[in-house]
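Asker: Kindly generate the corresponding structure for this input.
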Amino acid sequence: MEVNFEQILQQSNKVKNYIKSDIAELPSDRLNWKISDKKWSAIEVVSHLNRVYEKYLDNFEIAISGAPKLPNGQFLESQHTIIGRMSIYAMKPKGKKRRFKMKTFDFFNPITEPDKMHETLDLFLKNKETFNELIKRARSKNLKDIKIPTALGQKVRFYVPECFQFILAHEDRHLVQIAEAVEKAH
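Answerer: Sure thing, here's the model as predicted:
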C-alpha cells in the first residue's frame, strides 16, 4: 500500500488549526487551569508537545535530507514495525477517551512559565509548520528502509512515515486532554 502523505498532512493541519483557532485565543486562566494537581493544564500539554518536537524534528530532518529522491512516477510503499503499529494504536484516542493511561518520560515533562504562555503556543505552531514542511519534503524521497530513533533511543526505531503517524496519534491523544482541560475550566 502507498504511503498517503496528503492524508498525513491533512491530519497534521487539523491539529495545527485546532490549536491556532480554538486554544491560542483562550484567556490565560483557562489555559492554566488544572482538573487536579496530577493532571496537566492545556498549556502544559502544549509545552509537552513542544518537548516531543525537540526530540523528533532533527531526526526527521536528518532522515529526509539524507534520503535519495524517488524516481518520477514512483511512490513509497508503506512499511511498519510491530512496535510502531502497537505504539500508534496505543496512542490513538478512542473517541474522546484515551485508550491507555501512560506516564511520560521525565525529559518530556512540560516546562511552563505563566508569563510565557503565548511563546509556548507560538513555538508549537512554529514546530507544527516545520513538521508539515518535513511531511511535504518526504513525499518526493525514497524513504524505503529508513528508520529514525524514537524517544527510547536507537534500539527502537520507526520508519519515517510510521513515525509521522506516531507523532500525530500522540497529538490526537493530547488534544483529548486539552479539550477536557479547557471544557472543565471555570
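
Asker: What count of nearby residues applies to Pro28?
Answerer: In this structure residue 28 is Ser, not Pro. Residues contacting Ser28 under the criterion other C-beta atoms under 10 Å number 12. Where C-beta positions appear, they are placed from N, C-alpha and C, glycine not excepted.

Asker: Do a quick rundown of the helices in this protein.
Answerer: Along the chain, counting by DSSP state H, helices occupy 5-18, 28-32, 42-66, 82-91, 117-138, 160-184.

Asker: Apart from its neighbours in sequence, what residue is nearest the residue most central in space within the chain?
Answerer: Taking C-alpha atoms, centre = their mean as the criterion, Ile167 is the residue nearest the geometric centre of the chain, at 3.5 Å. Ranked by C-beta to C-beta, 6 or more residues apart in numbering and with sequence neighbours excluded, the top spatial neighbour of Ile167 is Tyr56, at 6.3 Å.

Asker: before we move on, the earlier item: Phe131 is in contact with the residue nearest to the centre of the chain, correct?
Answerer: Yes: between Ile167 and Phe131 there is a contact under C-beta atoms under 8 Å: 7.2 Å.

Asker: which residues of this protein score low on pLDDT?
Answerer: Confidence mapping of the chain against pLDDT under 70 gives the ranges 98-109, 114, 186.

Asker: ok, now with 80
Answerer: 1, 73, 95-115, 185-186 (pLDDT under 80).
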